[in-house]
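Asker: After the sequence you'll find the predicted model.
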Amino acid sequence: MRVRDVLTAAQNPWQAPFVEGLCRILTRYRASDHRPRTHLSLEIDAPDGRPLERLALGRVVQIPEVGGLHHRYVRRAA
């Protein structure tokens, strides 16, 4: 998967962009995990709840989240 460790020194201002970028990614991941995604432990419901979408709303479209790492699917009118 080409994942490498990036060593950072404690309280080093030159390495703040790495930490800030990681914080942004983790915040977006948490939002994608809690908003629309279902969880088995919650009886196939999302932690923040979500409205049911009727078939009449249109076709299903894919929306990338967390930089394309995950996707959510919603119905949109054609």
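Answerer: Arrived safely. All values derive from a computational prediction rather than experimental measurement.

Asker: which stretches of the chain form strands?
Answerer: Using DSSP state E, the strands assigned to the chain run over residues 59-65, 70-76.

Asker: Confidence-wise, which of these is weakest overall?
Answerer: Looking at these, the lowest mean pLDDT belongs to strand 70-76 (a mean of 82).

Asker: How about the contacts made by the most centrally placed residue in the chain?
Answerer: Centroid-nearest residue in the chain: Ser32, 2.9 Å away (criterion: Cα atoms, centre = their mean). Residues in contact with Ser32, defined by Cβ atoms under 8 Å, 6 or more residues apart in numbering, are Glu65, Val66, His70, Arg72. Bear in mind the C-beta positions are built from the backbone N, C-alpha and C, glycine included.

Asker: same deal with Leu26?
Answerer: For Leu26, the contact set (Cβ under 8 Å, 6+ apart) is empty.

Asker: what's the pLDDT at it?
Answerer: Looking at Leu26, its pLDDT reads 86.

Asker: how much space is there between it and Met1?
Answerer: 18 Å (Cβ to Cβ, to the nearest Å).

Asker: can you list the weak-confidence ranges in the protein?
Answerer: Along the chain, the parts satisfying pLDDT under 70 run over 35-37, 49-50, 78.

Asker: Could you check how far the residue nearest to Ile63 when sequence neighbours are not counted is from Ala56?
Answerer: For Ile63, the nearest residue in space outside its immediate sequence neighbours is Arg72; the separation is 5.2 Å by Cβ to Cβ, 6 or more residues apart in numbering. Noted for Arg72: a distance of 20 Å to Ala56, by Cβ to Cβ.
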